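> From the sequence below, what's the structure:
(2 chains)
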Amino acid sequence: DAGVIQSPRHEVTEMGQEVTLRCKPISGHDYLFWYRQTMMRGLELLIYFNNNVPIDDSGMPEDRFSAKMPNASFSTLKIQPSEPRDSAVYFCASSLAENEKLFFGSGTQLSVL
Amino acid sequence: QKEVEQNSGPLSVPEGAIASLNCTYSDRGSQSFFWYRQYSGKSPELIMFIYSNGDKEDGRFTAQLNKASQYVSLLIRDSQPSDSATYLCAVSGYSSASKIIFGSGTRLSIRP
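Purely as a prediction, here's the structure:
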């Protein structure tokens, strides 16, 4: 299995632009998580899905952020419009079932200028 | 109060010694506890998990859980330079069992 696949690995954009991050979870995993990591705030849970349905999006910082999971093998995290304070590493992770080990993707390093 | 708290470190330990990493959590309803290791520039990877009070050993690693004190720890015996990394404590059971919250991590440095 290729593991959790995220794209792009690096994204540099200008303030106000739309950013879309992509994630392909491990096949057969029922849960998908989006996290954001910064030095100041650590690893923050943004949103997670169970069987493609969003369960908890209370960590999404504001309306500029949205996430979708149209099918079991694909999820997106969109920021529109982007701001410099959104600069961080965004990780996608999946797990087989509830309370199980998380498998992380390689992350997307986002820089908003 | 943060939901999951860790000392940010850095914690410096001589090679061959025991490294002790600690974590406290605020929700008594938490059910599952995880330790992840993250090397600089890499993604977190699971090294231990524990569900019940007491100790759980896996090779050089021992996880300890005390639900009454809301405390979980990780011991690394015979520390090696390759153990130098950030260690993240994660807890699930917040409001819903599948929500996994991370602490900010402890940087561990093993000096030769």
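
> what about residue A:55, is that helix, strand or coil?
strand (DSSP: H, G, I helix; E, B strand; the rest coil).

> Straight-line length of stretch B:13-20, end to end?
9 Å (C-alpha to C-alpha, to the nearest Å).

> Check what contacts it and list those residues.
Outside stretch B:13-20, the residues that touch it by C-beta atoms under 8 Å, 6 or more residues apart in numbering or on different chains are B:11, B:73-81, B:83, B:108-112. C-beta coordinates here come from the backbone N, C-alpha and C atoms, glycine included.

> Report the buried residues of that stretch.
Buried positions in stretch B:13-20, judged by neighbour count with 16 or more other C-beta atoms under 10 Å in any protein chain shown: B:13, B:19.

> Just grab the bridge partners of the closest residue to residue B:33 other than its chain neighbours for me.
Nearest residue to residue B:33, sequence neighbours excluded (C-beta to C-beta, 6 or more residues apart in numbering or on different chains): residue B:72, at 4.7 Å. Residue B:72 has these beta-bridge partners by DSSP bridges: residue B:23, residue B:65.

> In contact with residue B:72: list those residues for me.
Applying C-beta under 8 Å, 6+ apart to residue B:72 gives the contacts B:22-25, B:33, B:35, B:50, B:63-66, B:89, B:91.

> neighbours around residue B:70, how many?
16 (other C-beta atoms under 10 Å in any protein chain shown).

> I meant residue A:97, not that one.
Neighbour tally, residue A:97, other C-beta under 10 Å: 12.

> Just the pLDDT for it.
Here, the pLDDT recorded for residue A:97 equals 86.

> Could you say which helix or strand holds it?
If you go by DSSP states H and E, residue A:97 is not part of any helix or strand.

> pretty sure it is touching residue A:31, no?
Yes: applying C-beta atoms under 8 Å, one finds residue A:97 in contact with residue A:31, separated by 7.2 Å.

> Check the spacing between the residue nearest to residue B:33 and residue B:41 real quick.
Using C-beta to C-beta, to the nearest Å, residue B:72 is found at 26 Å from residue B:41.

> count of residues packed around the closest residue to chain A within chain B?
Of all residues in chain B, residue B:104 sits closest to chain A, at 3.5 Å by C-beta to the nearest C-beta. A count of neighbours around residue B:104, defined by other C-beta under 10 Å, yields 21.
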